[in-house]
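Peer 1: The following block contains a protein sequence and its predicted model.
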Amino acid sequence: MKMFNIPNLFTASNMLCGVFAIILAFAGRIDIAPYFIFLAAVLDFFDGFLARLFKQQGELGKQLDSLADMISFGLAPGIMMLVILISQTTFVDPESLFFGHGEYIATAYKTEHLHPSVFGPEALNMSLHIWRNSLYEWKNINGLPFVGLIIPFFSMFRLAKFNIDTRQSESFIGLPTPANTIFFMAFPLLLAKYGETSGWEHNLIVYLVQPVILIPVIVVMSLLLIAELPLFALKFKNFKWKGNEVRYIFLISCGILISTLLVWSIPIIVLLYLLLSFIQHILRKNRTHEIQS
């Protein structure tokens, strides 16, 4: 019964949140699914915190954490991107480069009284309806949406690498899977919030989820998971400014961005994290070179 301690139960709850997010994504509820991922991220933080607090750290907890993260921060975001790409490659101009079966979709538009410009949960439900009712005829869905599964593919290697890489005890080498997942959660949240409105928010999110934009973003962010890129961790040995400059700048920037941009701040914060880590790496590299010379 020692395996069912409090930290491990938090880890298991993290995994279940990922499962719920996947189920909701397939149900077209992209307005709700991301919140289960955010809850999973909170549980992922506290399982390690509680393990240290109760001195229950061990190999079992480490393995459970990776398995849970694979579901919540690997498979779940991949499925959500797959669902969004299904909606975008279905509800587009029939003459589009990314879709070739206009007659089938034109019939769907007419039958369901759905305008091609409609995006959001209703559009996703429609695309999933088409998907479920045409599984026997795969020509009704092209292969582009499955690019979303690149995320769990590289997440698996990232998590395995993290378990055996001794360099990542106090910092990270490559983008952590929770950060990558939080980045992608902005897309369904913004699509659900602004997809059926008008204005610049609507125009921007509709533009960002187009396959020609979203697919390269998926590929680049997935490759960053396994990149040899040093990234700082939010672990404070002390709370002095010296030695924690980048961490404090990042946290202050996060507060400003969240209070001003709200949901739009999510991807910007992740990109800021990458930028500050890169700047810190360059400065440390130059400082080391100066000392040696």
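Peer 2: Received it, and whenever you're ready, just let me know what you need.
Peer 1: Please make it C-alpha for all contacts and neighbour counts, starting now.
Peer 2: Will do.
Peer 1: mind showing which ranges of the stretch 1-150 of the chain have poor pLDDT?
Peer 2: For the stretch 1-150 of the chain, the stretches flagged by pLDDT under 70 are 1, 90-141.
Peer 1: What ranges does it have for its helices?
Peer 2: Assigned helices in the stretch 1-150 of the chain, in chain order: 6-26, 33-53, 59-70, 76-90, 102-112, 121-132, 150-164 (criterion: DSSP state H, counting those that start in this stretch).
Peer 1: what's the closest of those helices to Leu204?
Peer 2: helix 76-90 (14.3 Å; Cα to Cα).
Peer 1: So which elements touch the closest one?
Peer 2: Judged by 3 or more Cα pairs under 8 Å, 6 or more residues apart in numbering; DSSP states H and E, helix 76-90 is in contact with helix 6-26, helix 121-132, helix 150-164, helix 177-194, helix 211-225.
Peer 1: quick one, which of those helices is nearest to Lys62?
Peer 2: Nearest of the helices and strands packed on helix 76-90 (Cα to Cα): helix 150-164, 7.9 Å.
Peer 1: Give me the contact list for that closest one.
Peer 2: 62, 66, 69-70, 73-75, 77-78, 168, 174, 176-177, 218-219, 222-223, 225-226 (Cα atoms under 8 Å, 6 or more residues apart in numbering).
Peer 1: how about 6 Å then?
Peer 2: Helix 150-164 is contacted by residues Gly74, Leu75, Gly78, Ser222, Leu225, Ile226 when judged by Cα atoms under 6 Å, 6 or more residues apart in numbering.
Peer 1: could the helices and strands packed on helix 76-90 go into a markdown table alongside distance to Gly48 and mean neighbour count?
Peer 2: Converted to a markdown table, the helices and strands packed on helix 76-90 look like this (distance: least, Cα to Cα, whole Å; neighbours: other Cα atoms under 10 Å):
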| stretch | distance to Gly48 | mean neighbour count |
| --- | --- | --- |
| helix 6-26 | 7 | 22 |
| helix 121-132 | 35 | 20 |
| helix 150-164 | 14 | 19 |
| helix 177-194 | 14 | 22 |
| helix 211-225 | 21 | 17 |
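Peer 1: Redo the ones you listed as a markdown table? Include distance to Ser87.
Peer 2: Listed next are those as a markdown table, based on distance: least, Cα to Cα, whole Å:
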| stretch | distance to Ser87 |
| --- | --- |
| helix 6-26 | 11 |
| helix 121-132 | 5 |
| helix 150-164 | 18 |
| helix 177-194 | 11 |
| helix 211-225 | 10 |
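Peer 1: Tell me the pLDDT of Lys193.
Peer 2: pLDDT for Lys193: 89.
Peer 1: Quickly note the distance from it to Asp44.
Peer 2: 27 Å (Cα to Cα, to the nearest Å).
Peer 1: between the contacts of helix 150-164, which is closest to Thr197?
Peer 2: Gly78 (26.0 Å).
Peer 1: ok, back up a step: closest one to Ala51 among the helices and strands packed on helix 76-90?
Peer 2: helix 6-26 (5.4 Å).
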